[in-house]
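K.L.:
just need the structure, nothing else, for what follows:
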Amino acid sequence: MSRAPRSQAGRRMRGGDDSHTPILHVDMDAFFVEVELLERPHLRGKPVAVGGQDRGVISSASYEARAYGVNSAMPVAQAKRLCPDLIMIPVRHGIYSTVSRRVMEILGSFTPLLEQVSVDEAFLDVSGDRKHTPVQIAKEIRRTIREKEGVPASVGIAATKHVAKIASAHAKPDGFLLVPEIETLAFLGDLPIGALWGVGDATQKRLASRGITTVLDIRELSKDDLERMLGKSGKKLWELANGIDHRPVESTRVEKSIGKEETYFDLLTTRSEVETRMLHQSHECARRLRERHLVAWRVSIKIRDASFTTITRSHTLVAPTNLASEIYRVATSLLEMPRGGVRLAGVRVENIEPGDSAPAVLGDDGRTEQAERALDAVRKKFGSGVVGPGTLLSPKGDERL
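P.N.:
Below you'll find the model as predicted:
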């Protein structure tokens with residue numbers, strides 16, 4: 001279902017063209033909420049959030065809700081105090097993943113140099129397109145996503161990944177912003193230091209205590225001065241403040257590990273609930289291993305409890321695997337339920353190497369791998385929710401695979 005786009009012109013810095021600004025950062029606006037509103041158009045224009053109902057945290061909030069101060073990662077109880085009329089919608093991860101895959105396919109049709117960094121954002125290097133300018137490509141990307149998926153996307157265009165990401169944040173909601181290469185320093189200069197990549201609250205407070213609050217303040221320091229204040233991260237921060245970022249868009253990065261983790265907005269209080277999530281995560285890890293013709297020697301899990309304490313455990317296998325059944329067996333053997341419930345659970349496979357098939361485990365004649373590969377083929381053709389272990393198929397259409 002698609003809807004007409006809101007009329008909002010793209011924004012542009014003055015001076016220069018976009019011929020030397022070939023990196024795009026595409027960021028989906030309030031992605032989870034926008035996907036949910038496709039099925040609930042009557043809620044459009046109202047303060048809406050996706051997350052837990054009474055406990056847990058906010059996953060995504062509409063801009064109407066943000067006007068009240070509601071933000072992602074905020075406890076639901078706090079959000080409802082700020083916005084008493086807030087409408088909460090339960091999380092449906094499978095649907096967001098399905099829409100995300102289709103959006104990434106759209107982006108991949110514009111350039112093979114695509115780096116997906118999360119479910120709702122990606123970098124594109126469009127320097128190889130000699131027929132269209134980056135601005136033309138950005139406009140077409142936004143139009144195509146809106147037309148095919150019915151959701152908005154904001155795009156930042158710049159000469160570096162760092163500036164393109166900041167530009168997309170400034171383009172929200174539902175817009176685009178071009179920062180020509182020659183305007184990079186002017187664009188960054190007036191920003192607070194918190195806008196720079198990797199600067200958290202602790203770093204901001206540390207620099208603010210020395211009177212350093214803007215990017216221009218950082219530029220008045222030497223690289224050595226900043227390194228003495230912040231250690232190794234000081235050098236990187238100085239470079240970003242001066243528009244220096246040599247990282248390319250990496251579409252074929254070598255993966256050292258593959259994982260899937262999820263934060264739950266209502267605490268999981270039983271082992272069976274956690275094991276069900278781990279089964280889904282194990283299948284996702286195995287699918288991605290087989291898709292990339294890889295096997296893994298190590299399985300690890302990550303658990304965060306109600307008090308936000310995080311525990312990780314891992315186990316090295318006798319033989320490498322790309323089977324969900326084996327990953328799940330090991331993951332659940334490492335699981336110890338914490339008191340109070342589970343806020344986050346994740347499964348990860350590590351020590352990866354090339355390999356198309358996993359050595360057969362004791363008592364298995366190879367049929368397990370055949371079955372899982374058959375599931376891969378069906379999911380690829382018809383979608384992730386049409387087939388899978390019975391415990392992962394929700395009668396309410398919440399695709400867990």
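K.L.:
residue boundaries of the helices in the stretch 1-150 of the chain?
P.N.:
Counting by DSSP state H, counting those that start in this stretch, the stretch 1-150 of the chain has helices at residues 31-39, 63-66, 76-82, 93-108, 134-149.
K.L.:
packing partners of the first one?
P.N.:
Just to be clear, that refers to helix 31-39. Judged by 3 or more C-beta pairs under 8 Å, 6 or more residues apart in numbering; DSSP states H and E, helix 31-39 is in contact with strand 48-51, strand 58-61, helix 93-108. (Each C-beta comes from the backbone N, C-alpha and C, glycine too.)
K.L.:
hey, which of these is tucked in deepest?
P.N.:
strand 48-51 (a mean of 28; mean count of other C-beta atoms under 10 Å).
K.L.:
Tyr328 contacts Leu279, correct?
P.N.:
Yes. Tyr328 is within contact range of Leu279, at 5.4 Å (criterion: C-beta atoms under 8 Å).
K.L.:
for the stretch 201-350 of the chain, which spans come out with low pLDDT?
P.N.:
252-255 (pLDDT under 70).
K.L.:
ranges for the strands of it?
P.N.:
In the stretch 201-350 of the chain, the strands defined using DSSP state E, counting those that start in this stretch lie at 257-268, 294-305, 310-321, 342-354.
K.L.:
Pro180 is nearest to which of the ones you listed?
P.N.:
Set against Pro180 and scored by C-beta to C-beta, those come closest in strand 257-268, at 37.8 Å.
K.L.:
now the closest one: buried residues?
P.N.:
Neighbour counts using 16 or more other C-beta atoms under 10 Å place Ile258, Gly259, Lys260, Glu262, Thr263, Tyr264, Phe265, Asp266, Leu268 of strand 257-268 among the buried residues.
K.L.:
what are the pairing partners of it, and which direction each?
P.N.:
Using DSSP bridges, the strands paired with strand 257-268 in its sheet are strand 342-354 (antiparallel).
K.L.:
mind saving the C-alpha coords of the partner strand as CSV?
P.N.:
What follows is strand 342-354, C-alpha atoms only, in CSV (Å, rounded to 0.1, in the frame of the first residue of the first chain):
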residue,chain,number,x,y,z
VAL,A,342,15.6,-10.9,29.9
ARG,A,343,15.7,-7.5,28.3
LEU,A,344,18.0,-8.5,25.4
ALA,A,345,19.1,-11.8,23.9
GLY,A,346,21.4,-12.5,21.0
VAL,A,347,23.2,-15.4,19.2
ARG,A,348,26.4,-14.9,17.3
VAL,A,349,28.7,-17.2,15.3
GLU,A,350,32.4,-16.4,15.2
ASN,A,351,35.8,-17.7,13.9
ILE,A,352,34.3,-17.8,10.4
GLU,A,353,36.0,-19.4,7.4
PRO,A,354,35.0,-20.3,3.8
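K.L.:
what comes up buried for that strand?
P.N.:
Going by 16+ other C-beta under 10 Å, strand 342-354 has these buried residues: Val342, Arg343, Leu344, Ala345, Gly346, Val347, Arg348, Val349, Glu350, Asn351, Ile352.
K.L.:
returning to what we had before: so which of the helices and strands packed on helix 31-39 comes closest to Glu115?
P.N.:
Using C-beta to C-beta as the measure, helix 93-108 is the one of those that comes nearest Glu115, at 9.9 Å.
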